[in-house]
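Provide a 3D model corresponding to the input given below.
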Amino acid sequence: MIAEDKKFIGQKIRQQRKRLKLTQFELAEKIGIHEKQLSRIEAGLHYPTLENFIKIIKTLNINLREFEENKEINPLKDDINQLLNESNNKELKIYRDVIKSIKSNL
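Alright, predicted model coming up:
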C-alpha cells in the first residue's frame, strides 16, 4: 500500500505540473528543492516532506481532497474538475445545461 501511495502522490503532482506547463526544474525552484528530489517524488520513490507537500499543492493549486484514499487517477476527470474549479457561477450554469442537454440526447 505504501508504494502505491507514493506512486499515486507522484502521479498527481506530475499530472498537474504538466497541465500547468511547468518543468520539474521550474517547480523545484519555486518550492525550494532540488530537481532530482522532485523527480524521485514524481516517480513514486520518495514521499515529499509535509512542508514540501504543502508548498507543492499550493504552487500547483491542487485541492487536498484530490489525494483522498482510493481515488482513481483519471486525467479526463481531473481536467474537467480543474475547469470547474476555475469557473464562476455563470459558467457553471452553462456547463450544467450543456451537459444535461448532451446526456439527454445520447
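
tell me which residues in the worst-scoring helix or strand of the chain on mean pLDDT are buried?
Ranked by mean pLDDT, DSSP states H and E, the weakest helix or strand in the chain is helix 75-85, scoring a mean of 80. Neighbour counts over helix 75-85 (16 or more other C-beta atoms under 10 Å) mark 78, 82 as buried. To be clear about C-beta, it is placed using only N, CA and C from the backbone, and glycine gets the same treatment.

what about the one helix or strand I57 maps to, distance to the chain center?
In the assignment (DSSP states H and E), I57 maps to helix 50-60. Taking C-alpha atoms, centre = their mean, to the nearest Å, one finds the center of helix 50-60 at 11 Å from the center of the full chain.

quick one, the very next helix or strand once past the least confident helix or strand of the chain and helix 75-85 angle?
Going down the chain from helix 75-85, the next helix or strand is helix 89-104, by DSSP H and E. Going by axes from the mean of the first three to the mean of the last three C-alpha atoms, to 10 degrees, helix 89-104 is angled at 140 degrees with respect to helix 75-85.

in terms of pLDDT, where does K71 sit?
K71 carries a pLDDT value of 57.

the longest helix in this structure is where?
Counting residues, the longest helix in the chain under DSSP state H turns out to be helix 2-19.

quick revisit: show me the contact partners of the least confident helix or strand of the chain.
The contact list for helix 75-85 (C-beta atoms under 8 Å, 6 or more residues apart in numbering) reads 15-16, 19, 63, 66, 92, 95.

just want the angle from it to helix 2-19.
60 degrees.

and helix 75-85, C-alpha only, in PDB?
Only the C-alpha atoms of helix 75-85 are listed here, as PDB (Å, rounded to 0.1, in the frame of the first residue of the first chain):
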ATOM      1  CA  PRO A  75      -6.800  12.600 -16.300                       C
ATOM      2  CA  LEU A  76     -10.000  13.400 -18.100                       C
ATOM      3  CA  LYS A  77     -12.000  13.700 -14.900                       C
ATOM      4  CA  ASP A  78      -9.100  15.700 -13.400                       C
ATOM      5  CA  ASP A  79      -9.100  18.100 -16.400                       C
ATOM      6  CA  ILE A  80     -12.900  18.600 -16.100                       C
ATOM      7  CA  ASN A  81     -12.600  19.100 -12.300                       C
ATOM      8  CA  GLN A  82      -9.900  21.700 -12.900                       C
ATOM      9  CA  LEU A  83     -12.100  23.600 -15.400                       C
ATOM     10  CA  LEU A  84     -15.000  23.500 -12.900                       C
ATOM     11  CA  ASN A  85     -12.800  24.700 -10.000                       C
END
